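> My questions are about this predicted structure, shown below with the sequence.
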Amino acid sequence: MFKLLFLLAALILSSNASVQDFCVADLKGPESPAGYSCKSVTNVTVDDFVFSGLSKAGNTASIIKAAVTPAFAAQFPGLNGLGISGGRLDLAPGGVIPFHTHPGASEILLVTQGQITCGFVSSANTVYLKTLKKGDLMVLPQGLLHFQVSDAGYTSVAFIFFSSSNPGLQITDFALFANDLPTKLVGATTFLDEATIKKLKGVLGGTN
């Protein structure tokens, strides 16, 4: 009897995902670890399921000579709760997406223009590195540090796809040098000298 009740409970819980067809994000409300709350179905339109932002090149006039255009739930409400999202990378010659991680999702990168060197580092500190050309795909496992560098003499473009509607993002350089973490502690944890740390903090807007 208890086994039967347990199986019935499991079936009920596993069917929750099919109770609603979708959960378009209510961007007026707060975002939680589970995503946004659902907008009333009466207010949902077809535009919630369409996003045109990836058709335009991003502005690469920055220190990294690159731009990321996200298509996450915050920009594309129809993705909310579906476990998918996307984005666009534009990298000018010499452009770089520095070491970063997506705590909440694995990533697939598709090069559509130019040439991009892409790599990630496993938890065993093994480096997996490849120069990708137009049409090449590379998968970047969830939570692992990875980067992209343009290897072309013109703008490289790639489209990225994630296994979450909000994959999260933490850029290593910014985590170390773009905040008020004391220089002494940065030095203790990175073995960098004080002059180098202060220089990097100055470039990235950090203090202390």
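Structure's in. What do you need? Quantities reported herein were computed from a predicted structural model and do not represent experimental measurements.
> Spatially, what comes nearest to Phe49 if we skip its sequence neighbours?
Sequence neighbours aside, Gly78 is the residue nearest to Phe49 in space, at 3.8 Å (criterion: C-beta to C-beta, 6 or more residues apart in numbering). For every residue, glycine as well, the C-beta is placed using N, CA and C.
> again with Lys184
Lys184's closest residue in space is Glu194 (C-beta to C-beta, 6+ apart), at 7.8 Å.
> Do a quick rundown of the helices in this structure.
Here the chain has its helices, by DSSP state H, at 2-14, 172-177, 183-190, 194-204.
> Report the separation between Leu140 and Ile116.
In this view, Leu140 and Ile116 are 12 Å apart by C-beta to C-beta, to the nearest Å.
> ok, Ser123 touching Leu145?
No. Ser123 is beyond contact range of Leu145, at 9.7 Å (criterion: C-beta atoms under 8 Å).
> More neighbours: which of the two?
Shown here are Ser123 and Leu145; by other C-beta atoms under 10 Å, Leu145 has more neighbours (18 against 9).
> May I have the beta-bridge partners of that one?
Judged by DSSP bridges, the bridge partners of Leu145 are Val121.
> Same question for Ala158.
Going by DSSP bridges, Ala158 forms beta bridges with Leu89, Val111.
> Report the separation between Asp26 and Pro70.
Distance from Asp26 to Pro70, by C-beta to C-beta: 19 Å.
> Would you mind telling me which of the two has more residues around it?
Pro70 (19 against 16).
> how near is the closest residue to that one other than its chain neighbours to Phe22?
Spatial nearest neighbour of Pro70, chain neighbours left out: Gly87 (4.7 Å); criterion: C-beta to C-beta, 6+ apart. Between Gly87 and Phe22 the distance is 21 Å, computed by C-beta to C-beta.
> Which one's more surrounded, the two?
Using other C-beta under 10 Å as the criterion, Gly87 and Phe22 rank with Gly87 on top: 22 against 16.
> got the contact list for the more buried one?
54, 68-72, 159-160, 162 (C-beta atoms under 8 Å, 6 or more residues apart in numbering).
> Only the buried residues of stretch 98-108, if you could.
Within stretch 98-108, the residues scored as buried using 16 or more other C-beta atoms under 10 Å are 99-102, 104-107.
> Does Ile108 touch Ile160 like I think?
Yes. Look at Ile108 against Ile160 with C-beta under 8 Å: they come within range, at 7.0 Å.
> okay, Lys198: pLDDT?
According to the prediction, Lys198 has pLDDT 86.
> Sorry, wrong one. I was asking about Pro141.
Taking Pro141 on its own, its pLDDT is 96.
> Kindly report the same for the one 4 residues further on.
With respect to pLDDT, Leu145 has a value of 95.
> is Val149 in a bridge, and if so with what?
Residues in beta-bridge contact with Val149 (DSSP bridges): Val96, Thr117.
> residues contacting it?
91, 95-97, 116-118.
> Please repeat the previous calculation with a cut-off of 7 Å.
By C-beta atoms under 7 Å, 6 or more residues apart in numbering, the residues touching Val149 are 96, 116-117.
> Ranking by neighbours, what's the top pick from the residues you listed?
Counting by other C-beta under 10 Å, top hit in these: Ile116 with 27 neighbours.
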